[in-house]
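> what's the 3D shape of this:
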Amino acid sequence: MPLWSSFTLTAEQVSQEVMIPDCLRPDVRAEPTHLPRCNDMNLMQDYTFQHLFPPRLASSNITVTDAGLLSNVVPMLKTFLSGVWTQVIDHMGNMAKLHSDVHFHVGPVFDYDSDGVA
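As a prediction, this is how the structure comes out:
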């Protein structure tokens, strides 16, 4: 699981359409034992795997492919994904449109009792 991801968004990136692939691919830089497996994704009822760097904010089809790496996904509560995380991603896009270039650092927060509050 990645500890963090860092990227810069521009207004142009947020405004363009990119093709988002349906599948995730292994990252050859990481040991296979450190990457999530398809079975892992099916075992957790309240969780899903989500991208730290959202493919929809990629600057090209090449960077969208890189966003589809398994090393770019973390387990996330489904309720967090449909609520707060979606709002954060939308806000990131709005900030990039407003300020041209915005640099972001994102990473997982470990919620030990699964209440949605770290």
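> show me where this structure has strands.
Counting by DSSP state E, one finds strands in the chain at the ranges 5-10, 47-51, 73-77, 101-106.
> TSV for the ones you listed, including mean neighbour count and distance to residue 66?
Yep, even glycine has a C-beta here, placed from its N, CA and C like the rest. TSV is the format used below for the strands of the chain (neighbours: other Cβ atoms under 10 Å; distance: least, Cβ to Cβ, whole Å):
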stretch	mean neighbour count	distance to residue 66
strand 5-10	16	10
strand 47-51	19	11
strand 73-77	20	12
strand 101-106	14	15
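> out of those, nearest to residue 25?
strand 73-77 (10.9 Å; Cβ to Cβ).
> which strands border that closest one, and is each parallel or antiparallel?
According to DSSP bridges, strand 73-77 has the following sheet partners: strand 47-51 (antiparallel).
> what is the mean pLDDT for the partner strand?
Here strand 47-51 scores 80 as its mean pLDDT.
> need the contact partners of that strand.
24, 36, 40-41, 67-68, 72-78, 81, 85 (Cβ atoms under 8 Å, 6 or more residues apart in numbering).
> export the strands of the chain to CSV and tack on distance to residue 29?
Listed next are the strands of the chain as CSV, based on distance: least, Cβ to Cβ, whole Å:
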stretch, distance to residue 29
strand 5-10, 14
strand 47-51, 17
strand 73-77, 15
strand 101-106, 19
